[in-house]
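# Fold the following.
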Amino acid sequence: MPSLVSAIALIVIAGLCYAALCAASPLGSCRRCRGFGFKVKQNRRGRIVRGRECRRCRGYGQRIRVGRHLYNVAARLHREGVR
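Sure thing, here's the model as predicted:
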């Protein structure tokens with residue numbers, strides 16, 4: 001029984017830490033371009049050059065975190081329901 005209580009407490013603490021992270025920093029780096037905003041390529045000589053703009057983040061290099069997206073959806077739903 002104590003292991004179940006400690007597991008639940010650990011999950012709650014992890015959720016609160018993620019919520020604090022989403023509140024403090026709502027944007028994270030893009031997974032596809034790793035925050036560069038473009039694909040890193042090599043030319044024929046082997047030098048690293050800038051490639052095309054990342055389609056996922058549209059060249060910004062940042063994406064919105066899942067927790068922040070869920071918060072925005074809930075806030076928008078509440079705002080539309082109150083009107």
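# Show me the helices in this protein, by range?
Counting by DSSP state H, residue ranges of the helices within the chain are 2-24, 66-82.
# helices or strands next to the longest one in the packing?
Packing partners of helix 2-24 (3 or more Cβ pairs under 8 Å, 6 or more residues apart in numbering; DSSP states H and E): helix 66-82. C-betas here are computed from N, CA, C, even on glycine.
# so where's this protein uncertain?
Along the chain, segments meeting pLDDT under 70 span 1.
# switch the cut-off to 80
Counting by pLDDT under 80, the chain shows low-confidence ranges at 1, 83.
# if we can go back for a sec, can you lay out the helices of the chain as a markdown table showing mean neighbour count?
Written out in a markdown table, the entries for the helices of the chain read as follows (neighbours: other Cβ atoms under 10 Å):
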| stretch | mean neighbour count |
| --- | --- |
| helix 2-24 | 10 |
| helix 66-82 | 11 |
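# Now K41. Nearest residue, chain neighbours left out?
Nearest in space to K41, with sequence neighbours left out and distances taken as Cβ to Cβ, 6 or more residues apart in numbering, is G51 at 4.0 Å.
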